[in-house]
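Visitor: model this:
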Amino acid sequence: MGFIKAAILAGTVAVFTATSAFAADVKIGFIVKQPEEPWFQDEWKFADEAAKEKGFTLVKIGAEDGEKVQSAIDNLGAQGAQGFIVCTPDVKLGPGIIAKAAANDLKLMTVDDRLVNADGSPIEDVPHMGISATKIGEAVGQTIVEEIKKRGWDMKDVGAIRVSYDQLPTAVDRVDGALSVLKAAGFPEANIFDAPQAKTDTEAALNASTVVLNKNAGIKHWVAVGLNDEAVLGAVRATESVGIAADSMIGVGIGGADSAINEFKKPSATGFFGTVIISPKRHGYETALNMYEWIANGKEPETLILTAGQVALRDNYETVRKDLGIE
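Guide: Residues are numbered from 1 along each chain as shown. Sure, this is the predicted structure:
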């Protein structure tokens, strides 16, 4: 009996050692389009947690344009990686990314922005984790409508800054979702002003929004919607720069990034009223874990996973973050 127990124990140790050794051989890339953005920093942080938990190597790469994406994929292939997750700088690069992944024998998943075909249709056979962009946009719109009513504003006297980045389908869906709720509540379409941003950051949004405000100086109450927190913060900074008071602005962002949280922490409230927090935890941790399971155990991820968000305001953001597993 002692011999049998020893043999079983030895076998268990051998299996565990082999499994650990295999996990150590798994290498997964995580490519993002804007590595300096807090959202992507958080995705990487949570992906690192999955790597530590399972024992695989995570290779984090920033790729701001199509050429860098192609180079990153080749780099991962040369390193002996087995798969990668990507948030591409241009969703229309889809066919090229798929071809390059196949050429390097790499499994492919996408996060945040879904790849599209040449005709603009989503590439449905690449596993993707994204956000229900329209519903999140609708949550933004509903939050703004409720606050307009609470402040007693007449909608015909309010202007809406549509901070836009229409080359990204997700951005269009989020913004249009927000504006659809505003219009359904009686907001005049003529009072919605487009502010196209050159990049998806605060500075570009500030520049675009300032143009709108200067052209419509007679409007004293404003609301703002956009792709993310940075877009709306740019609109808020623009209102401040032209002398519009904080209580005459309702900006609701999307993301719950550090930039939004820092705004809530300021001693006095600003025109940044709220944000729909979307947790980067699932987008980083779960995608990395799903890729590992696919490589290690042949368990292919679901083709489409859509995550939701939760509205956070200055007085409840800490509770919301805890509910979403961020704190």
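Visitor: which ones are touching the closest residue to residue 264 other than its chain neighbours?
Guide: Sequence neighbours aside, residue 314 is the residue nearest to residue 264 in space, at 4.7 Å (criterion: CB to CB, 6 or more residues apart in numbering). The C-beta positions use only the backbone N, C-alpha and C, and glycine is treated the same way. Residue 314 makes contact with 264, 269, 273, 274, according to CB atoms under 8 Å, 6 or more residues apart in numbering.
Visitor: I figured the last one hits residue 253, correct?
Guide: Yes - using CB atoms under 8 Å, residue 274 and residue 253 qualify as a contacting pair, with a distance of 7.5 Å.
Visitor: more neighbours: the two, which one.
Guide: Ranked by neighbour count (other CB atoms under 10 Å), residue 274 and residue 253 place residue 253 first, with 31 against 26.
Visitor: how much space separates the more buried one from residue 180?
Guide: Here the criterion is CB to CB, to the nearest Å. By it, residue 253 lies 18 Å from residue 180.
Visitor: one step back: next one, pLDDT for the residue nearest to residue 264 please.
Guide: Here the pLDDT value assigned to residue 314 is 97.
Visitor: got it, and residue 280?
Guide: pLDDT for residue 280: 85.
Visitor: quick one: residue 274 is in a helix?
Guide: No - Residue 274: not assigned to a helix; according to DSSP: H, G, I helix; E, B strand; the rest coil it is strand.
Visitor: nearest residue to the middle of this protein?
Guide: residue 112 (5.3 Å; CA atoms, centre = their mean).
Visitor: per-residue pLDDT, the residue nearest to residue 35 when sequence neighbours are not counted?
Guide: Take residue 35 and drop its neighbours on the chain: the residue closest to it by CB to CB, 6+ apart is residue 62, 3.1 Å away. On pLDDT, residue 62 comes in at 98.
Visitor: hey, what's residue 62 bridged with?
Guide: residue 32 (DSSP bridges).
Visitor: list the contacts of it.
Guide: Residue 62 sits next to 31, 32, 33, 34, 35, 36, 40, 68 when contact means CB under 8 Å, 6+ apart.
Visitor: and these, which is closest to residue 103?
Guide: residue 31 (15.8 Å; CB to CB).
Visitor: what about the nearest residue to the closest one once chain neighbours are set aside, how many residues nearby?
Guide: Nearest residue to residue 31 in three dimensions, chain neighbours excluded: residue 86, at 4.3 Å (CB to CB, 6+ apart). The number of residues packed near residue 86 is 27, by other CB under 10 Å.
Visitor: isn't residue 86 up against residue 111?
Guide: Yes - the pair residue 86 / residue 111 is scored as a contact, 7.2 Å apart, by CB under 8 Å.
Visitor: please pick the buried ones from the contacts of residue 62.
Guide: Buried subset of the contacts of residue 62 (neighbour count, 16 or more other CB atoms under 10 Å): 31, 32, 33, 34, 40, 68.
Visitor: dump those residues into JSON lines; add distance to residue 202 and pLDDT as well.
Guide: Formatted as JSON lines, those follow (distance: CB to CB, whole Å; pLDDT from 0 to 100):
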{"residue": "31", "distance to residue 202": "23", "pLDDT": "98"}
{"residue": "32", "distance to residue 202": "18", "pLDDT": "98"}
{"residue": "33", "distance to residue 202": "17", "pLDDT": "96"}
{"residue": "34", "distance to residue 202": "12", "pLDDT": "94"}
{"residue": "40", "distance to residue 202": "15", "pLDDT": "93"}
{"residue": "68", "distance to residue 202": "23", "pLDDT": "98"}
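Visitor: out of the residues you listed, what pair is the most spread apart?
Guide: Farthest-apart pair in these is 40 and 68; separation 14.2 Å (CB to CB).
Visitor: no more questions from me, cheers.
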